[in-house]
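[1] Provided below for reference: sequence and predicted model.
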Amino acid sequence: MVAVTRHLRRPLYGFALAVSALTAGVVCVIGVLGFALAWEGFVVLRELVKGNMSREEPRFSNTGDADVMFFWAGAPVALLLLLLLAVVLALLDTAHAAAVRHALGGHGRLGAAGLWRRARPYFLRGLGAQVPTLLCVAVTALVGVMLFDSLADGGLIPGIERPQSPFTGFSALDWVAGLGLPLLAACVGPYLYARFSLAGSAAVFEDAPVGAALRRSWRLTRGGAQGRVVGAWLVITAAVALVFALLRYAALPIGDALGPAMMWLSGGNVYTTATLVHVTPFAVAFALLPVAVLVPSGLALPLLYVHLHARERERPTA
């Protein structure tokens, strides 16, 4: 992979830089939309907190009205971010597969524009594969969180209660089922995503439509290949998480610098300002991920596809 990365360094990083710029712009638009939708909620929250404090009650004890407003403001933002993630992954997935196919075909030099021309016919197919698999991840993660909350009081499954602080008096079954069931439910989506993650490469290398590419990815990753693809995704996830954390930490001063401007714009609303200061480093890290780490990570998938495809051809047929 090192040799392929070196050979394709310029087109892949040039393409990733363009994707990062596009992502940054769209994230800014989504952020502005999110604050516009939640603006009234922050005003209501400030008034509710003032009322709670005047009655000497806990600051956030009666904020139900604001919570509902934040939910309806956050839901479309979350969906737009999920769609943006699908677009970014589809762009990078098809571009990496097109670059590897170009390199293995023994063709000459390739620029970022040329890479886009080769990947463009497959982008919608890659997007069609990304959207349902990302939805699986989101849905199963939500189910895991709901199970985690529902098992707290022992009402969901009689006799099983999720361990909570101070973590005493719980049986072994409580520990295994109370923590294992939510984790198992949350892991179903990532497992399915890993099994279907070679669909973009199948679309590029075999010119397969979305459904056929998804089925092809599932067939290639069955049996012993499951361990390879899941292991590859564990490494990719760890690398992305580490780089994301470092980028977020490096971007903390950006959020702090924007704080005074939001304080003035919101009329001194500390909750609007705190939200902006908190989410800005996450937005910056998300926008920089394509150029920071996803080039070497993304190459792993088409190279794994090539390897598994070659092994399949070598396998004797009945």
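    Looks like it came in fine. Numbering: from 1, shown residues only.

[2] pLDDT score for the residue nearest to Phe170 when sequence neighbours are not counted?
    Nearest residue to Phe170, sequence neighbours excluded (C-beta to C-beta, 6 or more residues apart in numbering): Pro163, at 4.4 Å. (C-beta placed from N, C-alpha, C; glycine too.) Per-residue pLDDT puts Pro163 at 75.

[3] got it, and Ala3?
    62.

[4] Please apply the same query to Ser54.
    pLDDT, read off for Ser54, is 83.

[5] Can you tell me how far it is from Glu47?
    11 Å (C-beta to C-beta, to the nearest Å).

[6] So if I had to pick from these two, which one is more boxed in?
    Each of Ser54 and Glu47 has its neighbours counted (other C-beta atoms under 10 Å); Glu47 has more, 11 against 8.

[7] picking up where we left off before, SS state for the residue nearest to Phe170?
    Classification of Pro163 using DSSP: H, G, I helix; E, B strand; the rest coil returns coil.

[8] residues near it, how many?
    Pro163 has 16 nearby residues by other C-beta under 10 Å.

[9] cool, and the one 10 residues further on?
    With neighbours defined by other C-beta under 10 Å, the count for Leu173 comes to 13.

[10] same thing with the one 5 residues further on?
    For Gly178, the tally of surrounding residues (other C-beta under 10 Å) stands at 23.

[11] list the contacts for it?
    By C-beta atoms under 8 Å, 6 or more residues apart in numbering, the residues touching Gly178 are Leu151, Ile160, Glu161, Arg162, Pro163, Phe170.

[12] Chain neighbours aside, what residue packs nearest to it?
    Distances taken as C-beta to C-beta, 6+ apart place Arg162 nearest to Gly178, at 3.5 Å, with adjacent residues excluded.

[13] The one you found and Phe148 touch, don't they?
    Yes. Between Arg162 and Phe148 there is a contact at 6.8 Å, judged by C-beta atoms under 8 Å.

[14] what do those two both touch?
    Joint contacts of Arg162 and Phe148 (C-beta under 8 Å, 6+ apart) are Pro182.

[15] residue boundaries of the helices in the stretch 201-318 of the chain?
    Counting by DSSP state H, counting those that start in this stretch, the stretch 201-318 of the chain has helices at residues 210-220, 225-250, 252-265, 270-292, 294-314.

[16] Not counting residues beside it along the chain, what's closest to Arg46?
    Asn269 (5.5 Å).

[17] Is the residue nearest to Phe170 in contact with Ala172, as I believe?
    No. The pair Pro163 and Ala172 fails to qualify as a contact (C-beta under 8 Å) at a distance of 10.4 Å.

[18] What about Pro166, how many residues nearby?
    6.

[19] host element of it?
    Assigned by DSSP states H and E, Pro166 falls within no helix or strand.

[20] Need the phi and psi values for it.
    Backbone geometry at Pro166, expressed as degrees, to the nearest 10, gives phi -90, psi 20.

[21] okay, Arg162 and Phe148: which has more neighbours?
    More crowded of Arg162 and Phe148, by other C-beta under 10 Å: Arg162, with 22 against 17.

[22] residue contacts, that one?
    So, once contact is read as C-beta under 8 Å, 6+ apart, Arg162 ends up touching Phe148, Leu151, Ala152, Gly154, Asp174, Gly178, Leu179, Pro182.

[23] what does Pro182 give?
    Counting by C-beta under 8 Å, 6+ apart, Pro182 has contacts Gly144, Val145, Leu147, Phe148, Leu151, Arg162.

[24] if you set the cut-off to 6 Å instead, what comes out?
    Residues in contact with Pro182 (C-beta atoms under 6 Å, 6 or more residues apart in numbering) are Gly144, Leu147, Phe148.

[25] So it, which state does it fall into?
    helix.

[26] Just send the contacts of Gly178 back as CSV, with distance to Ala300 too.
    Converted to CSV, the contacts of Gly178 look like this (distance: C-beta to C-beta, whole Å):
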residue, distance to Ala300
Leu151, 36
Ile160, 39
Glu161, 41
Arg162, 36
Pro163, 37
Phe170, 41
